[in-house]
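Student: The following block contains a protein sequence and its predicted model.
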Amino acid sequence: MNNLKERNKLFNDYKNLDSYKYFRKRFHKSSHWQSLRKKVFKRYGINCMSCNSIKIPSIDHILPISIFPEMMYDINNMQVFRTR
């Protein structure tokens, strides 16, 4: 329940924020994102889905949350990519 409240607050803040960088920082530190990130790595592994590298894996949204904020926490909208 706490994660749901946090998620809704972040989503509402996202719609009203002037600073996308500020939002990203808060978003990536949220407990809901950290939990979801672990689930994505568990589901897909740590290999980059593009090049199969394991160098510095990260999670990427397939549909960008700047355009589709409702897809922010949808595990089906996430993929493992390596950080360049």
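Tutor: That came through fine.
Student: For the protein, which segments count as strands?
Tutor: Assigned by DSSP state E, the strands in the chain fall at 57-61, 78-82.
Student: between these, which gets nearest to residue 72?
Tutor: Closest to residue 72 of the strands of the chain, according to C-beta to C-beta: strand 57-61, at 7.5 Å. (C-beta placed from N, C-alpha, C; glycine too.)
Student: Let me know the angle separating the closest one from strand 78-82.
Tutor: Put simply, strand 57-61 runs at 140 degrees to strand 78-82, going by axes from the mean of the first three to the mean of the last three C-alpha atoms, to 10 degrees.
Student: returning to that earlier point: to residue 22, which of the strands of the chain lies closest?
Tutor: Nearest of these (C-beta to C-beta): strand 57-61, 18.0 Å.
Student: which residues are contacting the closest one?
Tutor: By C-beta atoms under 8 Å, 6 or more residues apart in numbering, the surrounding residues in contact with strand 57-61 are 37, 40-41, 46-48, 71-72, 77-83.
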